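**Q** can't give you the sequence, but here's the structure:
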């Protein structure tokens, strides 16, 4: 089993970095081969731009997804994009460790998605969700935040965390490209807890990895409920 | 009236750039003074890091929000952050023009939020949502995407767009810091439509700006329904 772990935290000694190491060790304990894309350490460029393309299908007007397909066909994508795409395509499981910034991923990780999740091999036309290019692979995440659990849920201040605030990531990004996405490990209230609580969370994230196969995955749309233009066929059953 | 328009698109001749110009002109037609933060043109750095702080409260361990407050107090925040913070604080209305990338904003705009929305003046402790630091200011957005309207809504393939997939942005980011957030102008199916359709959308986005004051705003939590630790007081009424 090959695992790609994508890590995004600006402090090398952070709790999230400790989660990354614990997660990597737990996968190795399971016999997996682990590759880590440490975006801050690698000084990853998160800005999608014309500079990503060594040759252009249309030099006069940048349509990013169009140039992604052209760059892939001609082998002229930027080297850092090619490296990350190869890492993703070689992996059976793709994991993410990051601090929650504004109910989403840090910009350096958002840009990894913007640049690496190529139109063509990752998704395209009708190839989304269960038909996405990464179908057959799995994903997971372990992330930290300052808030407490009681601030989430149907009656909580912020509403649902994983299926509400983070729907764009778990469903709209990872699920969209066909990944089977396990529900995440969430480390709450991290800046405010003591070392003992952090050690307990590291033990919990190890257990999370060791038992990941039994953990539920997020639902994705059943495409048989939509027509060939993705219009709902049976509206009363289609969306969830 | 002062308007700050934050623009993020890698192609200067894009439809989104035309929306930016149309939006700016419509605000000037209303008598507003318009400032534009054109993130690609300004080569804005979206990566939150230790380099953002000229002096450190804790040089041994980067806690980003803590150093934001220290940097503000000591006047040692990076000059680009200071400039953008001043633009936001001087504005009555903050607008965004961007292409939707992965049901969210492009990384360069995500990083503008990560770095500019400072702990302290923008939010902190109990100062969130209606008590957020930007309360009294308004926000709006005009964005493009490839999908069609029938792919969204309660029965649509992707579920709700503005309150579902983009909840993290409209509610969890703009609403969180106290902005009164008007529902956005959405330009659907942009890469696939003809010039006449694009011209019609530009006329519509002009009308959107001219009539913005009458347009509804997104709901935010009523904080009187939560206690001093943000636990729901009346769970049956609290979350929406």
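**A** Nice, I can see it. Treat the numbers as computed from the prediction; the structure is a model and nothing was measured. Residues are numbered from 1 along each chain as shown, chains lettered A, B, ... in the order given.
**Q** what are the phi and psi angles of residue A:80?
**A** Dihedral pair for residue A:80: phi -70, psi -30, per degrees, to the nearest 10.
**Q** tally of neighbours for it?
**A** 17 (other Cβ atoms under 10 Å in any protein chain shown). To be clear about C-beta, it is placed using only N, CA and C from the backbone, and glycine gets the same treatment.
**Q** repeat for residue A:55
**A** 13.
**Q** Please apply the same query to residue A:233.
**A** 10.
**Q** wouldn't it be in contact with residue A:225 here?
**A** Yes: using Cβ atoms under 8 Å, residue A:233 makes contact with residue A:225 at a distance of 5.5 Å.
**Q** remind me which residues of chain A are low pLDDT?
**A** Residue ranges of chain A with pLDDT under 70: A:234-240.
**Q** where do the helices sit along chain A?
**A** Using DSSP state H, the helices of chain A run over residues A:15-29, A:64-74, A:79-90, A:107-116, A:167-169, A:195-210, A:235-238.
**Q** what sits against the residue minimising distance to the centre of chain A?
**A** Nearest to the mean C-alpha position of chain A, by Cα atoms, centre = their mean, lies residue A:174 at 5.3 Å. Taking Cβ atoms under 8 Å, 6 or more residues apart in numbering or on different chains, we find residue A:174 in contact with A:94, A:139, A:181.
**Q** The same query, at a cut-off of 7 Å, please.
**A** Contact partners of residue A:174, counting by Cβ atoms under 7 Å, 6 or more residues apart in numbering or on different chains, are A:139, A:181.
**Q** For residue A:107, see how far away it is.
**A** Here the criterion is Cβ to Cβ, to the nearest Å. By it, residue A:174 lies 18 Å from residue A:107.
**Q** now residue A:167
**A** 19 Å.
**Q** These two - which one has more neighbours?
**A** Comparing residue A:167 with residue A:107 by other Cβ under 10 Å, the one with more neighbours is residue A:107, at 29 against 25.
**Q** so that one touches residue B:106, yeah?
**A** No: the pair residue A:107 / residue B:106 is not scored as a contact, 9.2 Å apart, by Cβ atoms under 7 Å.
**Q** got the contact list for residue A:158?
**A** Residues in contact with residue A:158 (Cβ under 7 Å, 6+ apart) are A:151, A:152, A:165, B:172.
**Q** Just the closest of those to residue B:157, please.
**A** Ranked by distance to residue B:157 (Cβ to Cβ), the contacts of residue A:158 are led by residue A:165 at 20.3 Å.
**Q** give the contact list for the residue lying closest to the closest one once chain neighbours are set aside.
**A** Once flanking residues are discounted, residue A:165 sits nearest to residue A:103: 4.0 Å by Cβ to Cβ, 6 or more residues apart in numbering or on different chains. Neighbour list for residue A:103: A:165, A:166, B:168, B:172, B:173 [criterion: Cβ under 7 Å, 6+ apart].
**Q** Reformat the residues you listed as TSV; add neighbour count.
**A** Converted to TSV, the contacts of residue A:103 look like this (neighbours: other Cβ atoms under 10 Å in any protein chain shown):
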residue	neighbour count
A:165	22
A:166	24
B:168	24
B:172	20
B:173	25
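**Q** Of these, which pair is most distant in space?
**A** Greatest spatial distance in the contacts of residue A:103: A:166 and B:173, 12.7 Å, computed using Cβ to Cβ.
**Q** which phi and psi does the most far-flung residue of chain A relative to its centre have?
**A** Most distant from the centre of chain A: residue A:60, at 32.2 Å, with distances by Cα atoms, centre = their mean. Dihedral pair for residue A:60: phi -90, psi -20, per degrees, to the nearest 10.
**Q** Spatially, what comes nearest to it if we skip its sequence neighbours?
**A** Nearest one to residue A:60, counting by Cβ to Cβ, 6+ apart, is residue B:13 at 8.0 Å.
**Q** again, but for residue A:98
**A** residue A:8 (4.4 Å).
**Q** Let me see the contact set for the one you found.
**A** So residue A:8 contacts A:39, A:40, A:98, A:105, A:106, A:108, A:109 (Cβ under 7 Å, 6+ apart).
**Q** burial measure for the fifth one, as a count.
**A** For residue A:106, the tally of surrounding residues (other Cβ under 10 Å) stands at 28.
**Q** repeat for residue A:11
**A** A count of nearby residues for residue A:11, using other Cβ under 10 Å, gives 17.
**Q** Count the neighbours of the closest residue to it other than its chain neighbours for me.
**A** Leaving aside its chain neighbours, residue A:11 sits nearest to residue B:62 (4.0 Å; criterion: Cβ to Cβ, 6+ apart). Neighbour count of residue B:62, defined by other Cβ under 10 Å: 21.
**Q** isn't residue B:62 right up against residue B:48?
**A** No: counting by Cβ under 7 Å, residue B:62 stays clear of residue B:48, with 9.4 Å between them.
**Q** overlap in contacts of these two?
**A** By Cβ under 7 Å, 6+ apart, the residues touching both residue B:62 and residue B:48 are residue A:10.
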